[in-house]
Every structure is written in C-alpha cells, then in structure tokens.
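Enquirer: Predicted model follows, preceded by the sequence.
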Amino acid sequence: MGLDRRAFLGLVAGGTVGAMFTPIPWKLIDDASIWTQNWPWIPRVPKGQVDYVATTSKLCPAGEGLKIMRVAGNPILAGGNPSHPLSCGGVSALARSEVYMLYSPARIKSPMKRNGKTFAPITWEQALVEMAEKLGAAKGAVASISGDNTGTINEVLTALTAKLGSAGSFMMPSEATTAAKAMKLMGAQGQAGYDFENADTVLVLGADIFETWGTSSRNRKAFGANRPAGAKPANSYVYVGPTRNNTAAVCDQWVPAAAADLGVVALGIAWHLLKAGATSNAPGFDTFKAVVNGGFGPEDVKRATGVAPETLAAIAKALASAKAPLVVTGSPFGQGLGAAPVIAGMSLNMLLGRINKPGGVYMLPELPSVVPGALTRAAMLDGDLPAFLKGVESGKTPAPKALLIYDANPAYGLPEAATMAKALEKIPFKVSFSSFMDETAALCDLVLPNSLPLERYDDVATPYGSGFCVYSLVRPIQKPICDTKTTGDVLLGLARKLSIDLKFDNFQQVIKEKVASLAKVSGGFVAKDVMPWQVAAGKPAPALVGGDLWKALEAGYAWTMVGQAAQTSMGFAAEVLAKAVKAGKPATATVLAPYAQLRTGTPVTGMPCQDLTTVPDTELLGDTTFIRVNSETAKALGLKKGQMIKLSGAGVDCQAKVHIFESVMPGMVSAPLGFGHTAFDYYSQGKGANYLSLAAVVEEAGSGLSMWIAPEVKIA
Amino acid sequence: MEEKRSNSAGGVGGMALFALIGFVGALVVGWGIFPKMLYSQKTQPIRFSHTVHTQLGIECEQCHHLGPDGRFAGLPSTESCAECHGEETGDTSANGKEIDKFVKDYVKTGRQVPWLVYQYQPDNVFFSHAAHKGFECTKCHLDVAKTDTPPPYYENRLSGYSKDTMKMWECERCHASMGTSNACFVCHK
C-alpha cells in the first residue's frame, strides 16, 4: 500500500482536520495579530523603577513646583507638586511640557555661529573666544534683554553687562513690568502680591488670572479651595474684560468692557466707594477724589464703556461690604497694559484699606541680591524695551554695539514685530542664549544654547502675582541631552576670560549663595506644614531650621515669607490718572482683543508639540487660525462663519478665518496669540498668524510707558 | 486497468488510514512539537533564589511593593538589592558565586539587571496592581516563592511576549466572574 494520490489526499485531509484540534492555526493567527503591533519604530514605554523628583517649572511663568516622574532614571512626566505653595498639586499645560520639551525638534543641539544666512556648529571654547573678542571691542555699548522675570541669572547678566559698559538691561514686557511702573508712579515700595487665598470678594479687571496672569496655577487652586463641589462658595469673583476667557468663564459674573476701558471702570467703581464715604490718608487722595468725581460718574462710565450704572453700583457695594475684598488689574493677554489702569485698580484697594492686609495686596520686598554690581529686579523692570527698540530702529537712540539675549524672543514676542526685528538688525553683534531656534536666535550672530530647566540649576524667586515672597529651586535631574550649557556658567566663564570679577566661578555657587542669604532673612520659613497664606491669616510662621534650607529646596519645598515692604509714600498718582484715563466716547473702530493661553506656549518655548493636539479646530484648522467675533459684530462687518479675511494694523497684514463666538463683546475681534511662528519646528512654524504684530505701540499719557492694549485693526 | 483496480482496491481503506495518520500526526506536531518551536527558552541573567530570601522571612511586598501613588514598583532596583549585597562575598558556594556575579556585573557597574519579566503586559494595557491588591499574587503570577532557580522564561518568537503574559480573555473572564466592568476603557486608556 504505497502513498498514492488518494492516500496523499487522505493524509492531507486528516492532517488538516487534526491541525484544527491543535493550537497551531489559532495560536498563529493570534500571535500574528500581536506581531503586527510590534513595529520597531513604535516608541516603547520604558520599564524600570518609578520614582519622583522635585524641581520647579521654569518654562511656565507661573513658577509651579513640579514632581517629575522618572522610570529607570529617565524623566517621563511632569506633574504638580502638592507640597509647593505655587502648585498645590496643580500644573499648567506649559509646565507639564517640561519633560516633552527635552526632545523638541526645535532644540539647538550645540553652539552655533552665523555663516552667511545659515549657522555652523562651533565648540564652546570657540564660542567663548569669539564672544570675548566681540564684547571686548563693544565695551561701553553692550545691552542685554532677559525674558526671565524670576531668576538670579538676571543678576549675573546685568552685572556682566554693567561691567562691560551697559547701554541698557531690559526685561521683556509683561504684567510685571507694567505693575512695577505703576507702583513706582504711586511711590510704592516692593512688588504687588495678591492674597487670593484669604480674599472673599475678588474683582478682576482684565487680568486672565487663571491662564496667563501671574501665578495662575496657584490662583486656580486658591479659587477652587474656597469653592468646594456641592457646597456654597466662600468667595465670589467678578471679571471685567472684553471676552469671556478662561477666567471669566468660571467667575460668578462677567462684565463686558474693552481692555482700554479698564481704568474707566475702576474709577467708576471708585466713584461709588467715595460716595459711600471711602477715604484715605495716602498722598494725593484729594486730587484723586476730584479726578473721580469730575469725570467718572455712572453716566460718564456708561457712555464710555457701556457698563450699566447698576452693575457698577452692585460691584462697589459687594466690595465695600466684603470682609476681605481684593481688586486685581492686568492685561487680558498678559502684556501691553498701561500703568494707569493698574494704578486705578490699586486705588480701589487703597480706598478699601486692603494694602498689606490678609486677603488684600501685600507689597513684597525684593529678595537679597548676591552678585556684586547687579541691577535690582525693580531697576530691570523699569526699562521700557519696546520704546528702546523703536528708538534704535528710528535712529533716535544709538544702537548698542552688542546685545545679549537671555530667555527672550523679542523678534516674535513684542508688538510691531517687524519694527523690532529691524531694530535688532541694526545691532552689529547679537548673542542668543535660547534653548530653541526661535525667531530672535535666527537673527543672531552666535547662538549658545542654554540647557533646559530639567538639565540645569536655576531658581524662581517670587513670580509676579504671588501673594507672598517665595523662592524655589530648579535643579538638574538628568545630564544635558544635547551639547548645551547652563547660561549662568557660560556668562561667568566669559567674565573670567574678560578678567571681570563677578565673585563666582559657576552658577550653582550663585544659587547656593542666594539660598544662604535667604536663610538669614527674618521671617522666612519653609512652607511645609504651614502655608504662607495661613501665616498671613494669623497663624504663627514656623522657625526656619538653619542649615537645611538647601536640602528642603531640593526636596521640592519652597522658602516663603509673608513680607510687607514698609510704605512711606504710597499715593494715588492722581495726576497720571487724570492724564491717562478718560471716560470719552466709545471707540467706533474695530478693536483687536488678543487672548493668550499657556497651551500655545510662550514666545520663548514656541508651541509645545504635545499641546498642539489640544488646540481645537475652532482656533487652528490646518495652517489657518481663527479670529472670534460675536454675531452682532459679524453682522455689522459683513462677516460669515468660516470666511477667510485679512486683518491689517501697524503696517502688517494677517490672514484668519472667522469663528462666530458669543463670548466676545460687540466691536471686538478676539484673536489667539502664540501662533504664526516663522522659526522653531514643524509644530510651531507656519501655524496661523502672529496677531501681536498687528498691535501698534503708543506712549501712555502721564506715565510715558509703551502700551498696546487695544489696537485698532481693519478687516478686509 | 491494473492500476485502476489497485487504486480502487486499497483506495478507501488506504485513504482512511492515511487520513488517520495525518490526523494523529497533526495532533502530535500541534501539541508536542509546535509549542517548542514557537517559544525560545531563556534563563534569567542572575539565578535569584526566592527560596533563600523567603526563608529569611522577607515578605514579597518588601521587594515588590506599591509606590506612594499606588503604582506598582515592579522589580527592585540594583540599588535596593545592593543594600544587602553591596560587596563581593568570595564565597565559593553556588549561591555565593551568584551573589558575587551580581555584585561584579551590576552593583559595581551601576547597571540594572535586565530581568526577564514573565508577565509584562503590552504598553496599551493599563493594569493597576493597586486595584487588584486583594488577590493573592499567585492568582495571576507564577509561584516563584518556592523556587531556588527561577523558572525558564519562554519568549514567543512571533509576538515577542512571554508565554506567561496574561491574555485579554483571561482578564475578561475574571472581570465577568467578579461582576467588574469589561468596558474597553477599564484597561485601555
């Protein structure tokens, strides 16, 4: 009986049937389906021991304490640090991107020198030699710009600039620069800090306190802590501004008012308070009273702003009857506000007796400086960068021979971006210390990449808006991924090369000295079991156990102090208000009302690639951004949903699509900031338009401060 | 004609016989040979004796514990092991040599031991040990506490996963029997 055809068929058939009773076909199908998921280019979740290390966010202006989750020593995720007073477990979209940004395609991977229109990599030693040579030749005309409001790096930068012969050390304009100017005009000492935690009635004039203004993560936590779910809120918030933004959306009341009218609204409320008998011993009260009574009655305010008299009266009544009222003033998009609205808002706090009171405004003293010859923060904030650059561009101000740019992107992040870029072009030697190839770095001669915050020592000292003095440590939790260095180390190395004595050899020494100086400050303590707002409310401050402050900071705790800079001459600056705040006729032109969000990054970070996925189709679709108008404005302007339009202002045109959105007040065109980059990477470049470039800079009457709070635009 | 007869004569019986041979052969291959071909056998980089450690009174949770956030810490790090085994012993016993190998190769070099984990789940599965801590470990895991030599690790040549990796139907069966949701999002976030 041989294996003939029929036998063979029988064998095959039997084998096939038999195989059906074995795992072979079923297991192979199953495993093959799993195999298809194992392509080598799919990133794998790393395995290993999970641990958490503490640091502080430096990319996010809110300065939250972070807990970085690591797997086998590799940072994986950034989350809020529940023990940190500026986080309380909260974290912004930008702070959360600290880990992702380590691998951003826009990172500059090594020092680079301009070679025609492109850059060529050089060594750090070559970079130092080049910089020393050029800065040595530029002595007496060296300027610096910093975008870091909170770091001790500014001491190194400004001390070096001063020793080289300063042509000016500037901070990028922000809420902090505006507020500093306002406080200076009022004769106040210290930085205004807002005690949200102890306030029970909060009037927010323009400031997007839950998104871009000040310590936004902490602000959200303070708001939520007094509004437990399902229970009666223990505080009330009223928002006054041109759009129902992320702050207005959760407040108890939104009062639509143009950003240009915030001062008018504030003085309109002051009229009611004065009428009810509010008074003050502060200098300039009588003039202030005369100014308010002379032009900011209910009808004046209604005519100028559209805010109904009864609305103003109700707000004034709520503030006057509250135990701990607080008024906060700021720009709806984090910059460009004049000093006068801040003065007007602060005047309300003074009328209500809220200066240096729990739940009010604390005037916070500046922390001790450690680098000899450095500018104080107040002195740095006093500079007016847009005015300086406009002067350079027009030739009215001599252009510096060299410019050092730290953590700043003025070619993108300032109004009239084209003018600013032209001014930068007039400066013959420019060095950028950016971590990313941003618009300004692309214009520079040398680009010396700073290590990212997770790779370097740095610090965060009392971000603007914090209600208490606070200091937290930024520390490296991994080696630099690229050939980058901490800029503080580079500047100190440069100083040595130029035989300039800045007292320190490396930046870690500077930070350690800073921490040592804080340990000596009377009243300072580590926020651990007792938080600073509890101390403000009357709880005794714990003693600072000497010697262990560095360790406590490394563990993620913050040094804090409920500070009160003594006020000897804080007045109403009524003469500034009289010149700058006018209850005139309402604007008839279309006004741009920009809004900013941390998920679209800052001018320094570009758009964090992971956050791009959170931008809705009603904000960015393809490569086109949307502006928002309400249906009334759309009808008046003849605009339709989805229509492509051109906005023009300050000699610049920007494209946009129309999104009909009823949370924008009539006459306003609300436009997102953070888009329209020409540099960075795929995730930022060419995505929409930079609507900030439509804003023209004007000089505020009375203060002389550059402002661009309500730019007029034309639509075609 | 002869050939045709031959076919028809032995035909049906022969065919049935060969069919039976094929059937049995397939069963032998499918149940006996195929599994051995599908999996490659690997041994752990260090012959870790669970027996020795459990006899010392060390509880499972001392090395395999939940983190403060409820996340399972998994395997102990080299640093954790080095708390007891930080130096070479010079002991020439089998266990002593293995300890010295661990110290020399991993503690001194600062490397983590590339343990072969019997039951890693795919990345798209969110499994919380904290949610399952009421169960005995051995309900799902190999009972290694009584082994002096770790059991061999069988790696599926096709999928790359361990033979002991729990399949989705096993998860679902247990969830169903416990009355726990089997919705996709319970395990796939």
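Expert: Okay, I see it.
Enquirer: Could you use CA atoms for every contact and neighbour count after this?
Expert: OK.
Enquirer: what's the burial count for the spatially closest residue to A:T22 that is not a sequence neighbour?
Expert: Once flanking residues are discounted, A:T22 sits nearest to B:G30: 4.9 Å by CA to CA, 6 or more residues apart in numbering or on different chains. As a burial measure, B:G30 scores 20 neighbours (other CA atoms under 10 Å in any protein chain shown).
Enquirer: Chain B versus A:V91, what's the distance?
Expert: Distance of A:V91 to chain B, computed by CA to the nearest CA, to the nearest Å: 17 Å.
Enquirer: Is that residue part of a helix or strand, or is it coil?
Expert: coil (DSSP: H, G, I helix; E, B strand; the rest coil).
Enquirer: didn't it look like it was pressed against A:L77?
Expert: No - A:V91 is beyond contact range of A:L77, at 11.6 Å (criterion: CA atoms under 8 Å).
Enquirer: neighbour count winner among those two?
Expert: Ranked by neighbour count (other CA under 10 Å), A:V91 and A:L77 place A:V91 first, with 29 against 17.
Enquirer: wait, what's in contact with that one?
Expert: A:E64, A:L66, A:G79, A:G80, A:S217 (CA atoms under 8 Å, 6 or more residues apart in numbering or on different chains).
Enquirer: per-residue pLDDT, it?
Expert: In this prediction, A:V91 carries a pLDDT score of 96.
Enquirer: What segments of chain B are strands?
Expert: Assigned by DSSP state E, the strands in chain B fall at B:39-42, B:153-156.
Enquirer: So which of these has the densest surroundings on average?
Expert: Burial of the strands of chain B is given as mean neighbour count (mean count of other CA atoms under 10 Å in any protein chain shown); strand B:153-156 ranks first at a mean of 20.
Enquirer: Spatially central residue for chain B, please.
Expert: B:Y118 (2.9 Å; CA atoms, centre = their mean).
Enquirer: contacting residues around that one?
Expert: B:Y118 neighbours (CA under 8 Å, 6+ apart): B:Y153, B:S162, B:K163, B:D164, B:T165.
Enquirer: could you redo the last one with a cut-off of 7 Å?
Expert: B:Y153, B:S162, B:D164, B:T165 (CA atoms under 7 Å, 6 or more residues apart in numbering or on different chains).
Enquirer: Same question for A:L185.
Expert: Counted by CA under 7 Å, 6+ apart, A:L185 has contacts A:A573.
Enquirer: And stretch B:101-115, what's buried?
Expert: Judged by neighbour count (16 or more other CA atoms under 10 Å in any protein chain shown), stretch B:101-115 contains these buried residues: B:K101, B:F102, B:V103, B:Y106, B:V107, B:Q112, B:V113.
Enquirer: close to chain A, is it?
Expert: No - judged by CA under 7 Å from any CA of the partner chain, stretch B:101-115 makes no contact with chain A; its nearest approach is 8.5 Å.
Enquirer: Excluding covalently adjacent residues, which one is nearest to A:A573?
Expert: A:M186 (5.0 Å).
Enquirer: Identify the residues contacting the one you found.
Expert: Contacts of A:M186 by CA under 7 Å, 6+ apart are A:M570, A:G571, A:F572, A:A573.
Enquirer: Determine which two of these are furthest apart.
Expert: Spatially, the most separated pair among these is A:M570 and A:A573, at 8.6 Å (CA to CA).
Enquirer: So these two - more neighbours on which side?
Expert: When neighbours are counted by other CA under 10 Å, A:M570 and A:A573 differ, and A:A573 comes out ahead with 25 against 20.
Enquirer: any idea how far that one lies from A:A282?
Expert: A:A573 is 10 Å from A:A282, where distance means CA to CA, to the nearest Å.
Enquirer: With A:T201 instead?
Expert: Distance from A:T201 to A:A282, by CA to CA: 23 Å.
Enquirer: cool, A:G168 as well?
Expert: Applying CA to CA to A:G168 and A:A282 gives a distance of 34 Å.
Enquirer: likewise A:R628?
Expert: A:R628 sits 43 Å away from A:A282, taking CA to CA as the criterion.
Enquirer: Among these two, which residue is more densely surrounded?
Expert: Between A:R628 and A:A282, A:R628 has the larger neighbour count (other CA under 10 Å), namely 28 against 16.
Enquirer: Extract the C-alpha trace of the helix or strand harbouring the more buried one and format it as PDB.
Expert: Secondary-structure element containing A:R628, defined by DSSP states H and E: strand A:624-629. Included here for strand A:624-629 are C-alpha records, laid out as PDB according to Å, rounded to 0.1, in the frame of the first residue of the first chain:
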ATOM      1  CA  THR A 624      -5.100  78.900   9.500                       C
ATOM      2  CA  THR A 625      -6.000  80.400  12.800                       C
ATOM      3  CA  PHE A 626      -9.500  81.800  13.600                       C
ATOM      4  CA  ILE A 627     -10.500  85.100  15.000                       C
ATOM      5  CA  ARG A 628     -13.600  85.300  17.100                       C
ATOM      6  CA  VAL A 629     -16.400  87.800  16.700                       C
END
